[in-house]
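Asks: below is the structure, and that's it, no one-letter string:
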């Protein structure tokens, strides 16, 4: 990517783009070919910017000429823009070189590992660090496991009764409700959210089932040895083992329903065209 002054940008445009008396590119009129759409908000803005960039292909070069800024100073985050320019070796101010020339090989994915998109209220999206991704996925695991197991476990500890309807419907409803609420805030990562929440069901299942079994004299109500704890960890890391244990506890139907729902949510978000 190269950065051009106004004079260099006008020379680059040649006769392709019209200019007004002040030397700025003419805005499209109703007789020209253009499209006007409402600007979406995050996270849909990222997908919108990707589609806009793909619509300009194939091309040998693309010129992004910024003609207005300083309109909403509190949300422009120009420091992120300058940081991107500095990564290409340019330290000029935006008013000194406002035009950005993208070459043929500079596409959406070449700018960074994740798309950097200017937004109206959040500046530019920058790649998340490994620590951020670790905490996000850990939160997804806990969210999935707790939303599924906590309601039925609490019911058994309080009532000391077992109900197949409660063990089937309540965990499934809790998991689905929490996923739908979280997916609304993370639409661009809803597919990953579904898989990690599903993994949380299996990972935390043996622990919660041992807690719930204490209401009937089993699980943690019995003296435990290191061998029992190792067996509990093994079941947590081995999904068929957790599913088998859920069969003994009567929660297997709720797990099956949640598996189907989360896999369907993953497929619909990951492959929306199908």
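Replies: On my side now, so go ahead. This structure is a prediction, so every number in the text was calculated from the model and none was measured. Numbering: from 1, shown residues only.

Asks: any buried residues in the helix or strand where residue 248 lies, and which?
Replies: Secondary structure assignment for residue 248, by DSSP states H and E: helix 239-249. Buried residues in helix 239-249, counted by 16 or more other CB atoms under 10 Å: 239, 241-243, 245-246, 249. C-beta coordinates here come from the backbone N, C-alpha and C atoms, glycine included.

Asks: what's the closest of these to residue 175?
Replies: Nearest to residue 175 among these is residue 246, at 13.4 Å by CB to CB.

Asks: thought residue 252 was touching that closest one, still the case?
Replies: Yes. The pair residue 246 / residue 252 is scored as a contact, 4.4 Å apart, by CB atoms under 8 Å.

Asks: picking that back up, for the buried residues of helix 239-249, which one is nearest residue 152?
Replies: Comparing those against residue 152 with CB to CB places residue 249 closest, at 9.1 Å.

Asks: I'd like the distance between the closest one and residue 225.
Replies: 21 Å (CB to CB, to the nearest Å).

Asks: can you list the buried residues in stretch 150-164?
Replies: Within stretch 150-164, the residues scored as buried using 16+ other CB under 10 Å are 150-153, 155-156, 162.

Asks: ah, wrong one, I meant stretch 57-71
Replies: For stretch 57-71, the neighbour count (16+ other CB under 10 Å) marks 62-63, 65 as buried.

Asks: can you check stretch 85-99 too?
Replies: Buried residues in stretch 85-99, counted by 16+ other CB under 10 Å: 85, 97-99.

Asks: model confidence over it, on average?
Replies: Mean pLDDT, stretch 85-99: 89.

Asks: pull the distance from that stretch to the chain's centre.
Replies: Using CA atoms, centre = their mean, to the nearest Å, the distance from the centre of stretch 85-99 to the centre of the chain it belongs to is 30 Å.

Asks: over to stretch 155-173?
Replies: Using CA atoms, centre = their mean, the offset of stretch 155-173 from its chain centre is 32 Å.

Asks: what number of residues lie near residue 1?
Replies: Residue 1: 17 surrounding residues under other CB atoms under 10 Å.

Asks: repeat that for residue 79.
Replies: 10.

Asks: so residue 230 versus residue 211, what's the distance?
Replies: Per CB to CB, residue 230 is found 18 Å from residue 211.

Asks: sorry, back to before: out of the buried residues of stretch 85-99, which two sit at the greatest distance?
Replies: Farthest pair in the buried residues of stretch 85-99 (CB to CB) is 85 and 99. Separation: 11.7 Å.

Asks: what sits in contact with each of these two?
Replies: Common neighbours of residue 85 and residue 99, using CB atoms under 8 Å, 6 or more residues apart in numbering, are residue 3.

Asks: secondary structure class for the residue nearest in space to the middle of the chain?
Replies: With distances taken as CA atoms, centre = their mean, the residue of the chain nearest its centroid is residue 189 (2.4 Å). Secondary structure state of residue 189, per DSSP: H, G, I helix; E, B strand; the rest coil, is helix.

Asks: so which of the buried residues of helix 239-249 comes closest to residue 54?
Replies: Of the buried residues of helix 239-249, the one sitting nearest to residue 54 (CB to CB) turns out to be residue 239, at 38.1 Å.

Asks: next structured bit after the lengthiest helix in the chain?
Replies: The single longest helix within the chain, with elements called by DSSP state H, is helix 130-159. Next helix or strand after helix 130-159 toward the C-terminus (DSSP H and E): helix 164-185.

Asks: next, the angle from that following helix to helix 239-249.
Replies: In terms of direction (axes from the mean of the first three to the mean of the last three CA atoms, to 10 degrees), helix 164-185 departs from helix 239-249 by 140 degrees.

Asks: over to residue 101. Which of the three states is it?
Replies: strand.

Asks: sketch out the low-pLDDT regions of the stretch 101-250 of the chain for me.
Replies: 104-129 (pLDDT under 70).

Asks: how about a cut-off of 90?
Replies: Applying pLDDT under 90 to the stretch 101-250 of the chain flags residues 101-137, 156, 160-162, 183-192, 205-207, 209-250.
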